[in-house]
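Colleague: Starting from these lines, generate the structure:
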Amino acid sequence: MSTFTEIPCEIIISVLRELDNVRFLLPSLLTCRHVYSCFKENPGVAADVLQRQIPSAIIPYSVALLEASRLGPRNETAVHELLETLYSQPSKFTERLRTMPVPLLTRMGYVHEVIHDFATEFASSAWTRLSKDQGSEVAGSLVLSPSEYLRFCRAFYRVELYFRLFRRRTPSASVPFHEHRLLLNQPPWEKEQLASILEFLELKLSKASHYVLAHDVEFGELGIDYITTGDNNHFRQLWLSQGIDLIHRLMSESSYDGKKALLKSAFGAGKADLYDALMSPPETDLNDDTPLSDYADEDLAALFLPTESQDTDKGPFEAWRVAFNPWPRSAWVMLTNNSGLRERAYVFWDLDSIEKYGMLKLFENTLEDSELQHAHADVDELRESFEERSRIWQRGGSGYWSKNDESRIVWPTQKDED
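Modeller: Numbers count the residues shown, from 1 in each chain. Model prediction:
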């Protein structure tokens, strides 16, 4: 009778290549010495598995994220070289897969799993909101086209790359040019994609952290704002800057103490203000009040020259043009009035989808406000809680506070005081 060890390596490798997730590779290699030996003779199978998991157009972003996390000093030269490779020679990043060890490929696979989950959740929630809008023709279950899926994923990767490259502990008076370099090749409708992702992540962070931020005595003493949105909320921007992993872990953590520990782990870490970078584009004449509606197609084509990697589907462009028609160039990204549109992922849909479901009419009449802007909006309650929790902290109390209920406050014992 034939034994498992007599199975030719060609068959073993063929089976391994059919794995859907690179995290399944290492357990497979540990099943027996024969499988591991076959892998050692064909190490490229690890890259093959990752390329089954991550779309080929996203691989350069995945490698760029990994390289960004491994940069030594994140000086302007190193950042510039990484971004130049990503935008001008993305195939070089793809080629590096063949020389990467399994643990690094597994890290890339994990990040993509998280991004995949966020991307599909955002797309689904946006589709649901569109289907409920007055006069909507959007109906049925969401089935993303391949190009729509890539668009969602790529935007999450770009936001994550920004945070990994530009977190810093010392605030800057202005956004350095190499930060703008990440955004320079992106037309305003693709920047609106980043703005949409940023607000989606902020909403997830807001919901996942509210239970602790609204009730913890220490956080009340620190005056940590759980209401204000955008770049006016220092702590929220600090937590957003730590990237998708912190937000994902915060969402997955069920315990009060676990959530608080995750939030405190970012204290003293670097911060990157993507809001400011998106709202402060370089080389924009603030005195130019020419509305978008006055620009002819050829004028816009001259302003935003296509790049080799640029999305060619006209859906995002047409949606953006409807939303910003009355506005001058200095206001072509991240208007507060368009938060409701961004919540509906308006710059992510293919032109076919937009035309099929009459989305442009919806985009002309969508409510300005978003769920993020209405989350936990009682400012008076916030201030009162700060006062109450500060009073308890000054008396030595800690732990969970609730209005008119101090039963869960932890007070110091006599032994502690001694």
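
Colleague: Now residue 152: closest residue in space that isn't a chain neighbour?
Modeller: Distances taken as C-beta to C-beta, 6 or more residues apart in numbering place residue 119 nearest to residue 152, at 3.9 Å, with adjacent residues excluded. Where C-beta positions appear, they are placed from N, C-alpha and C, glycine not excepted.

Colleague: pLDDT averaged over the strand or helix carrying that neighbour - what is it?
Modeller: Assigned by DSSP states H and E, residue 119 belongs to helix 102-132. What helix 102-132 shows for mean pLDDT is 96.

Colleague: Tell me the helices and strands packed up against it.
Modeller: When contacts are defined as 3 or more C-beta pairs under 8 Å, 6 or more residues apart in numbering; DSSP states H and E, helix 102-132 sits against helix 25-29, helix 45-53, helix 59-70, helix 146-166, helix 188-213, helix 244-252.

Colleague: angle of the fifth one against helix 244-252?
Modeller: The reference is to helix 188-213. Relative orientation of helix 188-213 versus helix 244-252 (axes from the mean of the first three to the mean of the last three C-alpha atoms, to 10 degrees): 40 degrees.

Colleague: May I see the buried residues of helix 188-213?
Modeller: Of all the residues in helix 188-213, those buried under the rule 16 or more other C-beta atoms under 10 Å are 188-206, 208-209, 212-213.

Colleague: now swap in stretch 351-358 and tell me
Modeller: Neighbour-count burial for stretch 351-358 flags 351, 353-354, 357 (criterion: 16+ other C-beta under 10 Å).

Colleague: need the least confident one among the helices and strands packed on helix 102-132, by mean pLDDT.
Modeller: helix 25-29 (a mean of 91).

Colleague: how big is the angle separating whichever helix or strand comes after that helix from helix 102-132?
Modeller: In the C-terminal direction, the helix or strand that comes right after helix 25-29 (DSSP H and E) is helix 33-41. On the basis of the same axes, to 10 degrees, helix 33-41 is oriented at 90 degrees to helix 102-132.

Colleague: which strands and helices sit next to helix 33-41?
Modeller: When contacts are defined as 3+ C-beta pairs under 8 Å, 6+ apart, helix 33-41 packs onto helix 9-17, helix 25-29.

Colleague: got the CA coordinates for it in CSV?
Modeller: Coordinates of each C-alpha in helix 33-41 appear next as CSV, following Å, rounded to 0.1, in the frame of the first residue of the first chain:
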residue,chain,number,x,y,z
ARG,A,33,8.1,16.3,7.1
HIS,A,34,7.3,15.3,3.5
VAL,A,35,5.0,18.2,3.0
TYR,A,36,7.6,20.6,4.4
SER,A,37,10.4,19.1,2.3
CYS,A,38,8.3,19.6,-0.8
PHE,A,39,7.7,23.2,0.2
LYS,A,40,11.4,23.8,0.7
GLU,A,41,12.0,22.6,-2.9
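
Colleague: and that helix, how far out from the chain's middle?
Modeller: Distance, stretch centre to chain centre, for helix 33-41: 37 Å (C-alpha atoms, centre = their mean, to the nearest Å).

Colleague: in it, what counts as buried?
Modeller: Residues of helix 33-41 classed as buried by neighbour count (16+ other C-beta under 10 Å): 35, 38-39.

Colleague: Give me the angle between it and helix 9-17.
Modeller: Using the same axes, to 10 degrees: helix 33-41 against helix 9-17 is 90 degrees.

Colleague: Could you shift the numbering so residue one becomes 385, and keep it that way?
Modeller: In the new numbering, first residue 385, that becomes helix 417-425.

Colleague: quick one, helix 417-425 and helix 429-437 angle?
Modeller: Going by the same axes, to 10 degrees, helix 417-425 makes 90 degrees with helix 429-437.

Colleague: what about helix 417-425, average pLDDT?
Modeller: If you average the pLDDT over helix 417-425, you get 93.

Colleague: ok, residues contacting that helix?
Modeller: Here helix 417-425 makes contact (C-beta atoms under 8 Å, 6 or more residues apart in numbering) with 388-389, 391, 393, 396-397, 400, 412-414, 429-430.

Colleague: one more time with 10 Å
Modeller: Outside helix 417-425, the residues that touch it by C-beta atoms under 10 Å, 6 or more residues apart in numbering are 387-397, 399-400, 409-410, 412-414, 416, 429-430, 486.

Colleague: measure the residue nearest to residue 536 to residue 442 for me?
Modeller: Distance, residue 503 to residue 442, by C-beta to C-beta, to the nearest Å: 10 Å.

Colleague: who touches both of these two?
Modeller: Residues touching both residue 503 and residue 442 (C-beta under 10 Å, 6+ apart) are 496, 533-534, 537-538, 540-541.

Colleague: between the helices and strands packed on helix 417-425, which gets nearest to residue 695?
Modeller: Among these, the nearest to residue 695 by C-beta to C-beta is helix 393-401 (29.9 Å).

Colleague: what's the closest one packed up against?
Modeller: If you count contacts as 3 or more C-beta pairs under 10 Å, 6 or more residues apart in numbering; DSSP states H and E, helix 393-401 packs onto helix 409-413, helix 417-425, helix 429-437.

Colleague: right, and those helices - which one's nearest residue 797?
Modeller: Comparing those by C-beta to C-beta, helix 409-413 comes nearest, at 47.8 Å.

Colleague: how far out from the middle of the chain is the closest one?
Modeller: Worked out by C-alpha atoms, centre = their mean, helix 409-413 lies 29 Å from the chain centre.

Colleague: ditto for stretch 675-695
Modeller: Its chain's average C-alpha position is 26 Å from that of stretch 675-695, according to C-alpha atoms, centre = their mean.

Colleague: how long is that stretch end to end?
Modeller: End-to-end span of stretch 675-695 (C-alpha to C-alpha, to the nearest Å): 24 Å.

Colleague: quick one: contacts of that stretch?
Modeller: Under the contact criterion C-beta under 10 Å, 6+ apart, stretch 675-695 has outside partners 441, 444, 470-474, 531, 534-535, 538, 569-574, 577, 674, 696, 701, 704-713, 715-716, 731, 734.

Colleague: buried sites along that stretch?
Modeller: 676, 679, 688, 695.

Colleague: Please spell out which residues along the helix holding residue 503 are buried.
Modeller: Across helix 486-516, burial judged by 16+ other C-beta under 10 Å covers 486, 488-493, 495-500, 502-503, 506-507, 509-511, 513-514.

Colleague: Drop anything exposed from the contacts of helix 417-425.
Modeller: Applying 16+ other C-beta under 10 Å to those flags 396-397, 400, 409, 412-413, 429-430, 486 as buried.
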